[in-house]
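Novice: Sequence plus the predicted model coming up.
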Number of protein chains: 2
Amino acid sequence: MPDQLGGSETVLTRRPHGQRPTIEDVARRSGVSRSTVSRVINGEPKVRAEVVEEVRRVIAELGYVPNQAARQLVTHRTGAVAVVADQPDGRLFLDPFFDCLLRGIRRELARHGAQAVLLFLDEPDDLARVADYLGGGHVDGAILFSLHPGGRLHGMTDRLDIPAVFGGRPLLHDGDTVRAHPYVDGDNRGGARQAVQHLVDRGRRRIATVTGPHDQEHSAAERLAGYRDVLPDAPPDLVERADYTRQGGARAMTALLDRRPDLDAVFAASDLMAAGALDVLREHGRRVPDDVAVVGFDDLTEIAESTDPPLTTVHQDVAEMGRQLARLLFDRAKEPTAVVVPTQLTVRASA
Amino acid sequence: MPDQLGGSETVLTRRPHGQRPTIEDVARRSGVSRSTVSRVINGEPKVRAEVVEEVRRVIAELGYVPNQAARQLVTHRTGAVAVVADQPDGRLFLDPFFDCLLRGIRRELARHGAQAVLLFLDEPDDLARVADYLGGGHVDGAILFSLHPGGRLHGMTDRLDIPAVFGGRPLLHDGDTVRAHPYVDGDNRGGARQAVQHLVDRGRRRIATVTGPHDQEHSAAERLAGYRDVLPDAPPDLVERADYTRQGGARAMTALLDRRPDLDAVFAASDLMAAGALDVLREHGRRVPDDVAVVGFDDLTEIAESTDPPLTTVHQDVAEMGRQLARLLFDRAKEPTAVVVPTQLTVRASA
DNA sequence: CTGAAAGCGCTAACAC
DNA sequence: GTGTTAGCGCTTTCAG
């Protein structure tokens, strides 16, 4: 694969060739061999204490830092793991969900002594560059998030032959590889069941649902399935599809109220949509939860706690999902390669 | 620097040693020397067209991907640039500002054929790991953002001896190195002047300001200075300090109204604070802009356009700042090493 | 235009 | 415990 420079010929090089001290310099200066220095660096036990001390001193004195490239070349390890986010529209950064997830990932990776490096897929040509980066051996593995179904990522890692795990169950498309991708996901269906059952338990009878894009996203389809598990006979006019956004939730709620002014509850498949629904209900003078009870999904505290009234919603342990992702990457050996993280209902005032 | 593994001994290795094809394999298979293959890979001109073709074919056939570690070892280049975000509290991901900035950075880096990799400083021990990562030669340079004054980043890069530029003017603290750090920043002072002048031009006389943490953040101090440039005689009770957040803005507005119920305008040093101020003004029954005009700073469209009324605010070309950061990294040779990106006022309904 | 040879800086057997 | 010796896979003079 050719990798010529882009628009500019400017190139960024570090210290002009050979200025940095090498392991050899450290060895000479401390009167030992390279191997011994290497052992000290890598914390191997069988080195005399005084020697260790002296070598450490020299290292500090010289400001020696091991050259990772040289090390990688022989160990085949980098100590870095890529987290790839496919987010052409920049939605991701607005998502506290991702923030939390990432923190979970970083924590777990840190336990393995690995550094998380985040890459973005934004413009079309980013894909090639990221593929080169991943395939080129800059990282030991990758954790991939594809916000889009049939995302560009799923096929890529197979070809690159790099350890990879997916956040959210990858939706396999027609022509896609059949190879199973290891993934971690929340219990979307179970969570939706909990939410809807809660509404039923509260005595609600005409329970509507605002769904995510269930024809495209696995999570959305599962959440709808959970709703149907509890309410197999729900009439179709109580179901309105939206897109996981606040505005979409508002639109859907408007449509539902229009169609079924008698509804007494709504399960929104995301907190953002639930917030949009609350906005509309308020505008229409419906009291929540007295007239209409509302349950969301995700438990994004920043949203769920600041709505009026605060939102009852399905809690996902997002940080735990992040941790599991990192763990799965290191445990690929053992099957099964899918982890479903349980959900639980956080009851606030809206239902 | 010793780098033993963390809690677990699990290690992530790529293909078991030597399974991937090397440049040697490609050379043999296409009946040329390693050098020629290398030339083809690097797009050097002086190779016979047929040879190029054949080598490319073999590369594809074998699924050969150059080993970056080996390449780095000799070229001293990685093709990657780190973007380091110091964000102990997770605020960053909620910040559309950063999203935009990052996009600008990525674009410009892409022009130079470089991949942006994002690193986070979250927990205390992240600092050491990130330092190792940067110093270890995984990247050719670093773009650093420190949300906190006297941040942990400023000293680090000097010691690491790696090309680095800062987003936002680094605030040098007492014991810190005196070495000037190249940086890119918006024209905070000029922008504030524009904002306040606009209020003056609109005939406002008692113009209050909600400032950022000006004892800690350079930008906040500059925005306050801009306010004072225009209103050197403003009484101190028209100035209220907050923390750049919406809640802080609301609190500050409450205090100001309490102290100076006669105020007829307010310049908030961030859109978030302006939004908070608008909330409070509405609660207090003040009409905006009729009774009180409000100007913000940042022009985060998601916020500025969705407030009621939409916010007049100082626009920063954030993507441009990102681009300049990347550019500065490649241009470090030429002084000066500070870039100030101009601002302009976006007039909406609030003032 | 192409090949041969010499490393880049490090780790990992294997001897001592 | 410590040193010696091979490479890891690539680029890059330097010849031809």
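Specialist: Ah, there it is. Numbers count the residues shown, from 1 in each chain, chains lettered A, B, ... in the order given.

Novice: just the strands in chain A please.
Specialist: A:80-86, A:115-121, A:141-146, A:164-167, A:183-186, A:207-211, A:239-241, A:265-268, A:293-298, A:312-316, A:338-341, A:343-346 (DSSP state E).

Novice: and those strands, which is most packed in?
Specialist: strand A:265-268 (a mean of 32; mean count of other Cβ atoms under 10 Å in any protein chain shown). All C-beta atoms are positioned from the backbone trio N, CA, C, and that covers glycine.

Novice: That strand - contacts with which helices or strands?
Specialist: helix A:188-201, strand A:207-211, helix A:246-259, helix A:271-283, strand A:293-298 (3 or more Cβ pairs under 8 Å, 6 or more residues apart in numbering or on different chains; DSSP states H and E).

Novice: okay, these in a markdown table with distance to DNA strand C and mean pLDDT next?
Specialist: Listed next are the helices and strands packed on strand A:265-268 as a markdown table, based on distance: least, Cβ to the nearest atom of the strand, whole Å; pLDDT from 0 to 100:
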| stretch | distance to DNA strand C | mean pLDDT |
| --- | --- | --- |
| helix A:188-201 | 42 | 98 |
| strand A:207-211 | 52 | 98 |
| helix A:246-259 | 51 | 97 |
| helix A:271-283 | 47 | 96 |
| strand A:293-298 | 44 | 96 |
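
Novice: circling back: how about the strands of chain A in JSON lines, adding distance to residue B:240?
Specialist: Formatted as JSON lines, the strands of chain A follow (distance: least, Cβ to Cβ, whole Å):
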{"stretch": "strand A:80-86", "distance to residue B:240": "38"}
{"stretch": "strand A:115-121", "distance to residue B:240": "37"}
{"stretch": "strand A:141-146", "distance to residue B:240": "41"}
{"stretch": "strand A:164-167", "distance to residue B:240": "43"}
{"stretch": "strand A:183-186", "distance to residue B:240": "43"}
{"stretch": "strand A:207-211", "distance to residue B:240": "41"}
{"stretch": "strand A:239-241", "distance to residue B:240": "45"}
{"stretch": "strand A:265-268", "distance to residue B:240": "38"}
{"stretch": "strand A:293-298", "distance to residue B:240": "35"}
{"stretch": "strand A:312-316", "distance to residue B:240": "36"}
{"stretch": "strand A:338-341", "distance to residue B:240": "44"}
{"stretch": "strand A:343-346", "distance to residue B:240": "36"}
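
Novice: and the direction of the longest helix anywhere in chain A versus that of strand A:115-121, what angle?
Specialist: Looking across chain A with DSSP state H, the single longest helix is helix A:96-111. Here the directions of helix A:96-111 and strand A:115-121 differ by 140 degrees (axes from the mean of the first three to the mean of the last three Cα atoms, to 10 degrees).

Novice: Show me what helix A:96-111 is packed up against.
Specialist: Judged by 3+ Cβ pairs under 8 Å, 6+ apart, helix A:96-111 is in contact with strand A:80-86, strand A:115-121, helix A:301-304, helix A:318-330, helix B:126-135.

Novice: re the thing from before, now the helices and strands packed on strand A:265-268 in a markdown table, with distance to DNA strand D?
Specialist: Listed next are these as a markdown table, based on distance: least, Cβ to the nearest atom of the strand, whole Å:
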| stretch | distance to DNA strand D |
| --- | --- |
| helix A:188-201 | 43 |
| strand A:207-211 | 49 |
| helix A:246-259 | 48 |
| helix A:271-283 | 46 |
| strand A:293-298 | 44 |
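
Novice: burial count for residue A:60?
Specialist: Residues lying near residue A:60 (other Cβ atoms under 10 Å in any protein chain shown) number 10.

Novice: just to revisit the earlier point, average pLDDT for the longest helix of chain A, rounded please.
Specialist: Helix A:96-111 comes out with an average pLDDT of 87.

Novice: Run the chain-centre distance for it.
Specialist: 8 Å (Cα atoms, centre = their mean, to the nearest Å).

Novice: hang on, the earlier thing: need the helices and strands packed on strand A:265-268 in a markdown table with distance to residue A:141, can you?
Specialist: Formatted as a markdown table, the helices and strands packed on strand A:265-268 follow (distance: least, Cβ to Cβ, whole Å):
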| stretch | distance to residue A:141 |
| --- | --- |
| helix A:188-201 | 25 |
| strand A:207-211 | 34 |
| helix A:246-259 | 35 |
| helix A:271-283 | 31 |
| strand A:293-298 | 27 |
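
Novice: Please work out which of these is packed deepest.
Specialist: Highest mean neighbour count of the helices and strands packed on strand A:265-268: strand A:293-298, a mean of 29 (counted as mean count of other Cβ under 10 Å).

Novice: Quick one: check that one for contact with chain B.
Specialist: No: using Cβ under 8 Å from any Cβ of the partner chain, strand A:293-298 stays clear of chain B, coming no nearer than 15.0 Å.

Novice: Okay, angle between that strand and helix A:271-283 too, please.
Specialist: Using the same axes, to 10 degrees, strand A:293-298 lies at 160 degrees relative to helix A:271-283.

Novice: which outside residues touch strand A:293-298?
Specialist: Outside strand A:293-298, the residues that touch it by Cβ atoms under 8 Å, 6 or more residues apart in numbering or on different chains are A:97, A:191-192, A:195-196, A:198-199, A:202, A:204, A:223, A:264-275, A:277-278, A:281, A:288, A:304, A:311-314, A:316, A:345, A:350-351.

Novice: Tell me which strands it pairs with, and in which orientation.
Specialist: strand A:265-268 (parallel), strand A:312-316 (parallel) (DSSP bridges).

Novice: Arrange those in TSV, one row each, with mean pLDDT as further columns.
Specialist: Shown next, in TSV, are the strands paired with strand A:293-298 (pLDDT from 0 to 100):
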stretch	mean pLDDT
strand A:265-268	98
strand A:312-316	96
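
Novice: right, so of those strands, which gets closest to DNA strand C?
Specialist: strand A:312-316 (39.6 Å; Cβ to the nearest atom of the strand).

Novice: Could you export the closest one as PDB, CA atoms only?
Specialist: Extracted in PDB, the C-alpha atoms of strand A:312-316 (Å, rounded to 0.1, in the frame of the first residue of the first chain):
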ATOM      1  CA  THR A 312     -37.800   6.700  35.300                       C
ATOM      2  CA  THR A 313     -35.600   4.800  32.900                       C
ATOM      3  CA  VAL A 314     -33.700   1.600  32.200                       C
ATOM      4  CA  HIS A 315     -30.200   1.800  33.600                       C
ATOM      5  CA  GLN A 316     -27.300   0.400  31.700                       C
END
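
Novice: Excluding its own residues, what touches it? List them.
Specialist: Here strand A:312-316 has contacts from A:186, A:191-192, A:194-195, A:198, A:271, A:274, A:293-299, A:304, A:341, A:343-351, using Cβ under 8 Å, 6+ apart.

Novice: Point out the other helices and strands that the worst-scoring helix or strand of chain A on mean pLDDT packs with.
Specialist: Every helix and strand in chain A was compared by mean pLDDT, DSSP states H and E; the lowest is helix A:153-160, with a mean of 73. In this structure, helix A:153-160 packs against helix A:126-135, strand A:141-146, strand A:164-167, with contacts taken as 3+ Cβ pairs under 8 Å, 6+ apart.

Novice: same thing but at 10 Å, please
Specialist: Helices and strands touching helix A:153-160, by 3 or more Cβ pairs under 10 Å, 6 or more residues apart in numbering or on different chains; DSSP states H and E, are strand A:80-86, helix A:126-135, strand A:141-146, strand A:164-167.

Novice: picking that back up, kindly reformat the helices and strands packed on helix A:96-111 as CSV and extend each row with mean pLDDT and distance to DNA strand C.
Specialist: Formatted as CSV, those follow (pLDDT from 0 to 100; distance: least, Cβ to the nearest atom of the strand, whole Å):
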stretch, mean pLDDT, distance to DNA strand C
strand A:80-86, 91, 15
strand A:115-121, 92, 16
helix A:301-304, 85, 43
helix A:318-330, 92, 18
helix B:126-135, 88, 11
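
Novice: Reformat those as a markdown table; add distance to residue A:239.
Specialist: A markdown table is the format used below for these (distance: least, Cβ to Cβ, whole Å):
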| stretch | distance to residue A:239 |
| --- | --- |
| strand A:80-86 | 28 |
| strand A:115-121 | 32 |
| helix A:301-304 | 23 |
| helix A:318-330 | 27 |
| helix B:126-135 | 45 |
